[in-house]
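Undergrad: Fold the following and give me the result.
(one chain, ligands or ions: 1)
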Amino acid sequence: MDLRLSEREEAFRAEARAWLAAHVPKKPLPSSGSRDGFAAHVAWEKELFAAGWSVVSWPARYGGRDASVVEWLLFEEEYYLAGAPARVTQNGIFLLAPALFEFGSDEQKERLLRPMAAAETLWAQGWSEPGAGSDLAAVASTATRTEGGWLLRGQKTWSTRAAFCHALHGLFRTDPSAPRHKGLTYFLVPLDAPGVRVNGFRRLDGDEDFAEVFLDDVFVADREVVGAVHQGWKVAMATTGSERGLTLRSPGRFLATARRLVALYREHRAGADPRLRDAVVQAWMDAQAYQLYTLRAVSRIAEGKPLGADSSINKIAWSELDLRMHETALELLGPVAELVSGAPDAVDAGAWIKGFQFALAGPIYAGTNEIQRNVIAERVLGLPKE
Ligand SMILES: Cc1cc2nc3c(=O)[nH]c(=O)nc-3n(C[C@H](O)[C@H](O)[C@H](O)COP(=O)(O)OP(=O)(O)OC[C@H]3O[C@@H](n4cnc5c(N)ncnc54)[C@H](O)[C@@H]3O)c2cc1C
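TA: Predicted structure coming up:
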């Protein structure tokens, strides 16, 4: 593998870096988990879109730049190194969009992709239900045929940002008599449709964008089905590859955290505790290793080979690395680590403790790490099921 960047890639990186240096808000935005913070993030993403940086790897007709996967990775690196805000469009652009590119109709692509990239339509993911988390095929919410479309009924839960979003993408059971994985269909649901009730609730870290969504005979038209009827599992599994692997958590995010951790160590030293020094060095190396692993995955994609179950290895790597880095930062900071945003002596406006609380969820969302280990054991290593 040739790891050197081409002239074109270097120029792309330089252009992204210059734009971000001039435009990233100097003061961090308030958390996107508050209503005001969410609005501030949406305004930022509209600016990003207007300048053509919101979905660089998409075709230009949908607001992208036709950038290659390597260029997209470079953009992500620069984005995080510049300290740019978290993307509130992420459940749309990183999870739903790959499914639309693969399974969506031309009409859906024309209608949905541009407003998604422009942060005009904000999307939430509606997969989990009270009785269907790890066992996603247990989805019990139903869709029943009616004239011109479907009536949706049931409950979704743990839906990130659904309290502030416009629409939800998720799985519904269309054929209760079929085997569990075969009777599901992938739907797009406007959250302002009659019969939808969005019940937002607070998380441990104070954010209030999480929601449960109740659906009571909600009508959605036929054009809101992604892929074929009863083929929703196939669409969903294509999306999990994006969620666990490349698109949702690119290496740039962790390279930037590792760099911040090194800077924190230099500043605080922590009595030159060799154990902490080793943890910082290890974190930096692990972030580099994750980047190299991702590049290997990109090479495989370029050769037309599917990522498949390998994305489970990615998921474990980034989620556990993120947690280790934040734990190390808290140890480095000592008691002051507990000061949250707004406290006068909080370091980096409490970013480490906030990041730690979110990192705790990393081994749970996008499919728990226990489930990923099962997938690796069975589908990568070929071990017997039990
Ligand atoms: C921060 C956050 C954001 C989220 N955002 C969304 C979202 O936007 N949309 C959405 O649809 N969902 C979302 N989720 C939900 C997430 O996908 C589920 O929490 C996750 O899939 C686990 O399901 P569960 O909570 O029902 O736990 P369960 O499935 O009940 O699992 C409980 C425990 O049992 C373990 N376990 C279960 N089955 C097995 C097995 N076969 N082998 C070994 N261990 C097992 C699990 O690993 C876990 O430790 C989010 C979750 C979090 C924490």
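
Undergrad: Next secondary structure element downstream of the helix or strand harbouring R300?
TA: Here R300, judged by DSSP states H and E, is contained in helix 274-302. As assigned by DSSP H and E, the chain's next helix or strand after helix 274-302 is helix 310-333.

Undergrad: In which helix or strand does R153 reside?
TA: With DSSP H and E as the test, R153 turns up in strand 149-159.

Undergrad: Quickly check: that strand near the ligand or not.
TA: Yes: part of strand 149-159 sits near the ligand under the criterion C-beta under 6 Å from any ligand atom, namely W158, S159. For glycine as for every other residue, the C-beta is placed from the backbone atoms N, C-alpha and C.

Undergrad: So what's the model's average confidence on the helix or strand just after that strand?
TA: Downstream of strand 149-159, the next assigned helix or strand under DSSP H and E is strand 167-173. For strand 167-173, mean pLDDT is 98.

Undergrad: What is strand 167-173 packed up against?
TA: Here strand 167-173 touches strand 123-126, strand 142-146, strand 149-159, strand 184-190, helix 232-244, going by 3 or more C-beta pairs under 8 Å, 6 or more residues apart in numbering; DSSP states H and E.

Undergrad: need the least confident one among the ones you listed, by mean pLDDT.
TA: Among those, helix 232-244 carries the lowest mean pLDDT, at a mean of 81.

Undergrad: What parts of this protein come near the ligand?
TA: Counting by C-beta under 6 Å from any ligand atom, the chain comes close to the ligand at 124-128, 133-134, 158-160, 361, 364-365, 367-368, 370-371, 374.

Undergrad: re earlier: let's have the helices and strands packed on strand 167-173 in TSV, adding mean neighbour count.
TA: Formatted as TSV, the helices and strands packed on strand 167-173 follow (neighbours: other C-beta atoms under 10 Å):
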stretch	mean neighbour count
strand 123-126	28
strand 142-146	16
strand 149-159	21
strand 184-190	23
helix 232-244	21
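
Undergrad: Where in this protein is the helix or strand with the lowest mean pLDDT?
TA: In the chain, no helix or strand scores lower on mean pLDDT, DSSP states H and E than helix 232-244, which sits at a mean of 81.

Undergrad: where's whichever helix or strand comes after it relative to the chain centroid, distance-wise?
TA: Using DSSP H and E, the helix or strand that follows helix 232-244 in sequence is helix 251-268. Averaging C-alpha positions (C-alpha atoms, centre = their mean, to the nearest Å) puts helix 251-268 21 Å from its chain's average.

Undergrad: relative to helix 274-302, how tilted is helix 251-268?
TA: 160 degrees (axes from the mean of the first three to the mean of the last three C-alpha atoms, to 10 degrees).

Undergrad: can you give me the angle helix 251-268 makes with helix 310-333?
TA: Using the same axes, to 10 degrees: helix 251-268 against helix 310-333 is 20 degrees.

Undergrad: Remind me what helix 251-268 packs against, helices and strands.
TA: Here helix 251-268 touches helix 69-81, helix 274-302, helix 310-333, going by 3+ C-beta pairs under 8 Å, 6+ apart.

Undergrad: Let me see the confidence value for whichever residue of the stretch 1-150 of the chain sits closest to the ligand.
TA: With C-beta to the nearest ligand atom as the measure, G133 is the residue of the stretch 1-150 of the chain nearest to the ligand, at 1.8 Å. Turning to G133, the model gives it a pLDDT of 95.

Undergrad: What are the neighbouring residues in contact with it?
TA: Each residue near G133 by C-beta atoms under 8 Å, 6 or more residues apart in numbering is listed here: W158, T368.

Undergrad: do the same with the one 5 residues further on
TA: With contacts defined as C-beta under 8 Å, 6+ apart, A138 is in contact with E129, G131, A132, R180.

Undergrad: surely the first one meets R153?
TA: Spelled out, it's E129. No: the criterion here is C-beta atoms under 8 Å, and E129 misses it with R153 at 11.9 Å.

Undergrad: joint contacts of these two?
TA: Contact with both E129 and R153 is made by residues S141, according to C-beta under 8 Å, 6+ apart.

Undergrad: Pull the number of nearby residues for the spatially closest residue to L255 that is not a sequence neighbour.
TA: Nearest non-adjacent residue to L255, counting by C-beta to C-beta, 6 or more residues apart in numbering: A287, 4.9 Å away. Neighbour count for A287, taken as other C-beta atoms under 10 Å: 24.
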